[in-house]
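Engineer: Predicted model, plus sequence, below.
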Amino acid sequence: MLKKITMTVNGVKRTVEIDVRESLLDVLRDKLGLTSVKQGCGVGECGACAVLIDGVSINTCIYLASWADGKEIRTVEGLEQDGKLSSVQQAFVDGGAVQCGFCIPGFVISATELKEKKQSYSREEIRRALSGHLCRCTGYQKIVEATEKALEED
Amino acid sequence: MYDISTYEEATTIQEALQYLKENPSSKVIAAGSDVLIKIREGKMAGASLVSIIKIEELKKIEKDKDGNIHIGPLVNFTQLEEDPIIREHLPYLGQGGGTMGGPQLRNIASIGGNICNGATSADSGSTLVCLNAQLTLTSLDLERVVPIGEFYTGPGRVDLKAGELLTDIVILRQDYEGYVGKYTKFAQRKSMDIATIGCAVMMKLQGRVIEDFRLAYGVAAPTPVRCPVAEAYAKGLTLTKENARAIGEKALEDVSPRDSWRGSKAYREQLIKVLAERAIWELANGGGEQDA
């Protein structure tokens, strides 16, 4: 059940032949080599596979690739500009928010969605906005702190 | 790769109805956060799917000239929570939807999917039952309107016939105007959890007297249920702590909770009493959310 879809991936228009039974996660990893997008639970519970679809954080393991036709997709690979990390990425590095790292691309994606809304958020609101991601190492504190710091910067 | 036997993607309602007629055994997939998981688990393996997520006309929230509010079945829970019409008139529905899953799920999962999968734990279910939501079910041959209370027919079962699509969710003006309301989700985690009990309360107050009262629960019966016994009992009562407690006690006559690994029957009965009591008391004292 093959089909061609065209999507903008990290700023570049890509036409990909997909099988309609594939998830966007499969296509991003296996066909486009974007391995920041992790498969964790595979059932939409852990958030490791989140990417920005038209600016909104969505779990790609339960998102059919066919639905991405015509959409703008951004992954962690597309966040740095000219070799410089985004403010969210830099805040995670500076704040020691990363341990094993497996869940971090998902957190960075959801934190980037918040950052781009250009609103201010309380600590509680940040926790709620990141509550769709599971981390088994950090206990979340440093992740929340790093996100808070990234949101404070211009 | 998902185990899907056929896949059609509709961009208009008409197209979806055509596909559903041509292949009556096919299932509608909206945002997929239930259907894809059921396929992965094997419960719906090999399904024939008609995808509706690209039907833009099902993603709107509008108030018509009579003041009835139309919620498109593909409205997602983030949109529901942030929508100005919902915030003004049905804030408790938006707030209740905001307890569903986590942010990435709410960014896509649809209110229509939440209804049509028939789960008693649906976080929009008990509030929509309280609101007496009218569901428009459309097929190529027929359009019918069913109150949500009659749409639920059993655990995970709804009155959706082959070839039919949920095309509109209508909240009539008389069902929301002048009410205050609150949805309480009781779960073990704040996020990514399923309700142990969900409790929706709506009240119309005349000073300190309850003029009208509506109460519904999720996970207190095989489907979300209204509580006619407690509702009749509550009407005309004065708002006191004792009366709030008594209404919660009365609700036990309306429900039939079960033991499950998430919570025992006794625990659920306790929650059924206490959540109603607390919500009534909070609403009585200006908390909760109201129709502005």
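Structural biologist: Received, thanks.
Engineer: residues contacting the closest residue to chain A within the stretch 101-250 of chain B?
Structural biologist: Residue of the stretch 101-250 of chain B nearest chain A, by CB to the nearest CB: residue B:102 (2.6 Å). In short, each C-beta sits where N, CA and C put it, glycine included. By CB atoms under 8 Å, 6 or more residues apart in numbering or on different chains, residue B:102 lies in contact with A:47, A:131, A:132, A:133, B:191, B:192.
Engineer: Export these to JSON lines and append columns for secondary structure and neighbour count.
Structural biologist: JSON lines is the format used below for the contacts of residue B:102 (DSSP: H, G, I helix; E, B strand; the rest coil; neighbours: other CB atoms under 10 Å in any protein chain shown):
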{"residue": "A:47", "secondary structure": "coil", "neighbour count": "30"}
{"residue": "A:131", "secondary structure": "coil", "neighbour count": "19"}
{"residue": "A:132", "secondary structure": "coil", "neighbour count": "26"}
{"residue": "A:133", "secondary structure": "coil", "neighbour count": "30"}
{"residue": "B:191", "secondary structure": "coil", "neighbour count": "18"}
{"residue": "B:192", "secondary structure": "coil", "neighbour count": "20"}
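Engineer: Now that we have these, can you turn them into TSV and tack on pLDDT and distance to residue B:68?
Structural biologist: Shown next, in TSV, are the contacts of residue B:102 (pLDDT from 0 to 100; distance: CB to CB, whole Å):
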residue	pLDDT	distance to residue B:68
A:47	98	37
A:131	97	34
A:132	97	33
A:133	98	38
B:191	90	33
B:192	90	34
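Engineer: closest to residue B:209 among those?
Structural biologist: residue B:191 (38.1 Å; CB to CB).
Engineer: Quick check: chain neighbours aside, which residue is closest to that closest one?
Structural biologist: In space, and not counting its chain neighbours, residue B:191 is closest to residue A:131: 3.4 Å by CB to CB, 6 or more residues apart in numbering or on different chains.
Engineer: So the one you found is in contact with residue B:103, correct?
Structural biologist: Yes. Contact criterion CB atoms under 8 Å: residue A:131 and residue B:103 qualify, at 6.7 Å.
Engineer: so who does the residue in chain A that chain B sits nearest to touch?
Structural biologist: Here chain A gets closest to chain B at one residue, residue A:132, 2.6 Å apart by CB to the nearest CB. Listed by CB under 8 Å, 6+ apart, the contact set of residue A:132 reads A:47, A:50, A:57, A:59, A:110, B:101, B:102, B:103, B:104, B:105, B:191, B:192.
Engineer: can we see that at 10 Å?
Structural biologist: For residue A:132, the contact set (CB atoms under 10 Å, 6 or more residues apart in numbering or on different chains) comprises A:44-47, A:50, A:57-59, A:106-107, A:110, B:101-107, B:191-192.
Engineer: Among these, which ones are in helices?
Structural biologist: Counting by DSSP state H, these place A:106, A:107, A:110, B:103, B:104, B:105, B:106 in helices.
Engineer: now, among those residues, which is nearest to residue A:151?
Structural biologist: Checking the ones in helices among the contacts of residue A:132 against residue A:151 with CB to CB, the nearest one is residue A:110 at 11.9 Å.
Engineer: quick one, what contacts the closest residue to that closest one other than its chain neighbours?
Structural biologist: Using CB to CB, 6+ apart and skipping the chain neighbours, the partner closest in space to residue A:110 is residue A:57 (4.5 Å). Residues near residue A:57 by CB under 10 Å, 6+ apart: A:47, A:50-51, A:74, A:106-107, A:109-114, A:129-130, A:132-133, B:102-104, B:107-108.
Engineer: In the stretch 51-200 of chain B, what residue spans correspond to helices?
Structural biologist: B:77-82, B:84-89, B:91-97, B:103-106, B:111-116, B:125-130, B:148-151, B:173-176 (DSSP state H, counting those that start in this stretch).
Engineer: and if you look at chain A?
Structural biologist: A:24-26, A:87-94, A:104-117, A:123-129, A:141-152.
Engineer: Residue A:4 is in contact with residue A:68, isn't it?
Structural biologist: No. Using CB atoms under 10 Å, residue A:4 is not in contact with residue A:68; the gap is 12.0 Å.
Engineer: any shared contact partners between these two?
Structural biologist: With CB under 10 Å, 6+ apart, residue A:4 and residue A:68 have common neighbours A:16, A:18.
Engineer: the more surrounded of the two?
Structural biologist: Higher neighbour count among residue A:4 and residue A:68: residue A:68, with 26 against 9, using other CB atoms under 10 Å in any protein chain shown.
Engineer: so residue B:269 touches residue B:254, yeah?
Structural biologist: No. If you go by CB under 10 Å, residue B:269 and residue B:254 don't touch, sitting 11.6 Å apart.
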